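**Q** can you look at this prediction? I've put the sequence above it.
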Amino acid sequence: MRSVVILSFLLLGLATVVVQGQVELSTPGPLFTPDPEDDSTPNPEGDSSTEITTEGIPDADTEELPLAEECDEELCKLPDCRCSSTDIPGGLLPRDTPQFVTITFDDGVNVRNTETYRDILYGRNNSNGCPAGATFYVSHEYTNYRFVNELYNQGYEIALHSISHRIPQDYWATASYDVIKQEIADQKGQISHFANIPFESIKGVRLPFLQMSGNISFQVMADHGLEYDSSWPTTAFRDPGLWPYTLDYASIQDCIVPPCPTASIPKPWIQPMVSWTDLGGFPCAMADGCFFTPAMDDEEGWYQFIVGNFERHYLGNRAPFGFYVHEWYLASNPAVQAAFIRFTDLISNLSDAFMVNASEVIDWVKNPIPVGEYREKPCREWSTASCAAQPDCGPLLGPNAMNYWMGACNVCPRVYPWTGNPLGQ
Ligand SMILES: [Zn+2]
């Protein structure tokens, strides 16, 4: 009897961790390293025994929006419409399809994590001689924009992860159009301004804690020229993996962190976060959210774990393979970081796999070409963004009467930039 009780406690604990493993962990400050099991970012649905429902969540802005209908492949065609599907775009065979690898890092960019990025990313090429990509979903608080400028100048993609990244997670689940507009759309102008990078180079969105707000964020994206979202995990479409698609028609994707969009919202693309499978068979949206992993000091085990997940894509339908992680996880686990580098070495040596910026995946899906043709294409190009040599700005008065210091590439703001005043005027 006693062992049964203990076993059910173990299982209960496991279920909670697995649910948390699917939400993203936050990094509130540059020196704070959250424990992967820290429940400071609880999934609002995770502690409930009742069925998940989206009832009662205010969704006033969607009242006029038409409910999305079942997708009609005759009406929904590339380059601007694609049904949610595991089919390879363009009807290509797997062997003719480039295997894209999207490496992404979330949260604030600062001097400490930029040192890691320099160590593990800079100077790497794909087998076609083009620079390998990576994408940074940047949140504003504690970000030093001088390093955002540096990452952009290295050819990486800068994308949006909100100004406040605030808790509780329910703030995002129930956010109004105005809240998301202030957190996401305004952040595009904010990053462009302080990092001095082109406004139009910012295209992607990842919501904090992977917490969507139904249709709202996609309406904001459609209205403000944001091209793709990468907040939506799928565990049902892992093998074969779900390819990117648009929201013109109803999505077949499983809703892991509700509320998910239900309306027909043309323009924005969904770049699904195809989950990994951990060693216990459980899904994890972020690599640092996996529960049953190799030992944290087992480099070979981690390398095999990463490659095993990659092969589900590479030997399958070649849906883009995401390596979604926070810098602290690699920096605090040297064996995992070494395995990561070995994995990127492997990709650099494959003739049909490419580490790219996330927006390049959308570019390819809109206009799918066989891998042989893709290899011959010119590499992506980017402009050089200058950054005025100046000391950090501060002290700047911010929320909760806190003082902040902030690196910027142009004139210092008057106060610490925040929602409602993204330029700190
Ligand atoms: Zn985050």
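**A** Thanks, I have it.

**Q** name the SS class of the residue lying closest to E150 once chain neighbours are set aside, please.
**A** Once flanking residues are discounted, E150 sits nearest to T114: 6.6 Å by Cβ to Cβ, 6 or more residues apart in numbering. No exception for glycine: its C-beta is placed from N, CA and C like everyone else's. Three-state assignment for T114 (DSSP: H, G, I helix; E, B strand; the rest coil): helix.

**Q** T114 and A295, how far apart?
**A** 28 Å (Cβ to Cβ, to the nearest Å).

**Q** the two: who's more crowded?
**A** More crowded of T114 and A295, by other Cβ atoms under 10 Å: T114, with 19 against 9.

**Q** hang on, isn't that one packed against Y152?
**A** No: T114 is beyond contact range of Y152, at 12.0 Å (criterion: Cβ atoms under 8 Å).

**Q** how close does whatever residue of the stretch 301-425 of the chain ends up closest to the ion get to A159?
**A** Of all residues in the stretch 301-425 of the chain, the one sitting closest to the ion is H326 (7.4 Å; Cβ to the ion). For H326, the distance to A159 equals 15 Å [Cβ to Cβ].

**Q** likewise S275?
**A** For S275 relative to A159 (Cβ to Cβ), the value is 20 Å.

**Q** the longest strand along the chain pairs with which strands?
**A** Ranked by residue count under DSSP state E, the longest strand found in the chain is strand 99-106. Strand 99-106 pairs in its sheet with strand 135-138 (parallel), strand 321-325 (parallel), strand 353-355 (parallel), by DSSP bridges.

**Q** deepest of these, which one?
**A** strand 135-138 (a mean of 27; mean count of other Cβ atoms under 10 Å).

**Q** near the ion, anything from that one?
**A** No: figure legend: strand 135-138 not in contact with the ion (Cβ under 5 Å from the ion); closest approach 7.0 Å.

**Q** mind checking how far that strand is from the chain centre?
**A** 7 Å (Cα atoms, centre = their mean, to the nearest Å).

**Q** which element is Y374 on?
**A** helix 371-376 (DSSP states H and E).

**Q** next, the buried residues of stretch 346-356.
**A** Using 16 or more other Cβ atoms under 10 Å as the test for burial, stretch 346-356 gives 347, 352-356.

**Q** how about low-confidence regions in the protein?
**A** Low-confidence segments of the chain (pLDDT under 70): 1-63.

**Q** alongside the ion, which residues does it contribute?
**A** So far as Cβ under 5 Å from the ion goes, the chain lies against the ion at 106-107, 208.

**Q** in CSV, list the residues you listed along with neighbour count.
**A** Formatted as CSV, those follow (neighbours: other Cβ atoms under 10 Å):
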residue, neighbour count
D106, 25
D107, 27
P208, 24
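
**Q** can you map out the strands along the stretch 301-425 of the chain?
**A** In the stretch 301-425 of the chain, the strands defined using DSSP state E, counting those that start in this stretch lie at 321-325, 353-355, 393-397, 403-406.

**Q** not counting residues beside it along the chain, what's closest to the residue in the stretch 201-350 of the chain positioned nearest to the ion?
**A** Ranking the residues of the stretch 201-350 of the chain by distance to the ion (Cβ to the ion) places P208 first, at 5.0 Å. Closest residue in space to P208, ignoring its immediate chain neighbours: H165 at 4.7 Å, by Cβ to Cβ, 6+ apart.

**Q** what is the burial count for the nearest residue to A339 once chain neighbours are set aside?
**A** Leaving aside its sequence neighbours, A339 sits nearest to W302 (Cβ to Cβ, 6+ apart; 3.6 Å). Neighbours of W302 under the rule other Cβ under 10 Å: 24.

**Q** which one's more surrounded, H326 and A159?
**A** Legend: neighbour count by other Cβ under 10 Å for H326 and A159, higher for A159 (28 against 24).

**Q** residues contacting that one?
**A** Going by Cβ atoms under 8 Å, 6 or more residues apart in numbering, A159 touches 135-138, 202-206, 230, 358-359.

**Q** how about those, which pair is most distant?
**A** By the measure Cβ to Cβ, V138 and S359 form the most distant pair in the contacts of A159, at 14.4 Å.

**Q** which stretches of the stretch 101-250 of the chain form helices?
**A** For the stretch 101-250 of the chain, the helices defined by DSSP state H, counting those that start in this stretch occupy 111-120, 145-153, 170-173, 177-180, 186-195, 216-223.

**Q** on contacts alone, who are the packing partners of the fourth one?
**A** What that stands for is helix 177-180. The elements that helix 177-180 packs onto, with contact taken as 3 or more Cβ pairs under 8 Å, 6 or more residues apart in numbering; DSSP states H and E, are helix 216-223.

**Q** may I see the buried residues of the helix it packs on?
**A** 216-221.

**Q** what of stretch 122-138?
**A** So stretch 122-138, judged by 16+ other Cβ under 10 Å, has buried residues 122, 124, 126, 130-138.

**Q** W382 reaches E157, doesn't it?
**A** No: the criterion here is Cβ under 8 Å, and W382 misses it with E157 at 9.4 Å.

**Q** overlap in contacts of those two?
**A** S201.

**Q** those two: which is more packed in?
**A** Regarding W382 and E157, a neighbour count based on other Cβ under 10 Å identifies E157 as having more, with 24 against 16.
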